[in-house]
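Colleague: No sequence on hand, only this structure:
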């Protein structure tokens, strides 16, 4: 399996496989950015084709979402660098950080532009500075 298109923050992901045999399955784990101002549900359209299958198989997934307004401080303790609420990806995220698998993550600045990570930064020296009295 390889990505022919994306995932690159775009709206389309295309995966190719030269030898996808009967009974084989494939899963993709990702994080989708949902527009909180969108009127309708978040929609994922899936299309599958294969040389041993007639036509295109299509499936549509409509995922309803609810917007809850919150302050960053309600979600994250910035001083302790911990989450205040449970997150589904927490264990996986922590494991990838510990393994320094930066390729698993996408770093985006506040302007929405992708940022490069310094591969030599171990983050051990990023202590929170104490304020002087």
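Modeller: Structure received. Nothing here was measured: the structure is a model prediction, and the numbers come from that model.
Colleague: Phi first, then psi, for residue 87.
Modeller: Main-chain torsions, residue 87, degrees, to the nearest 10: phi -130, psi 140.
Colleague: ok, now how distant is the residue lying closest to it once chain neighbours are set aside from residue 15?
Modeller: Distances taken as CB to CB, 6 or more residues apart in numbering place residue 93 nearest to residue 87, at 7.7 Å, with adjacent residues excluded. To be clear about C-beta, it is placed using only N, CA and C from the backbone, and glycine gets the same treatment. Distance of residue 93 to residue 15, computed by CB to CB, to the nearest Å: 24 Å.
Colleague: count of residues packed around residue 50?
Modeller: Here the count is done by other CB atoms under 10 Å, and residue 50 has 13 residues near it.
Colleague: returning to that earlier point: next one: phi and psi at the residue nearest to residue 87?
Modeller: Torsion angles at residue 93 (phi, psi; degrees, to the nearest 10) stand at phi -60, psi -50.
Colleague: swap in the one 10 residues further on?
Modeller: Taking degrees, to the nearest 10, you get phi -70, psi -20 for the backbone angles of residue 103.
Colleague: before we move on, what about residue 38?
Modeller: Dihedral angles (degrees, to the nearest 10) for residue 38: phi -70, psi 140.
Colleague: which non-adjacent residue is nearest it?
Modeller: Nearest to residue 38 is residue 65, by CB to CB, 6+ apart, at 8.0 Å.
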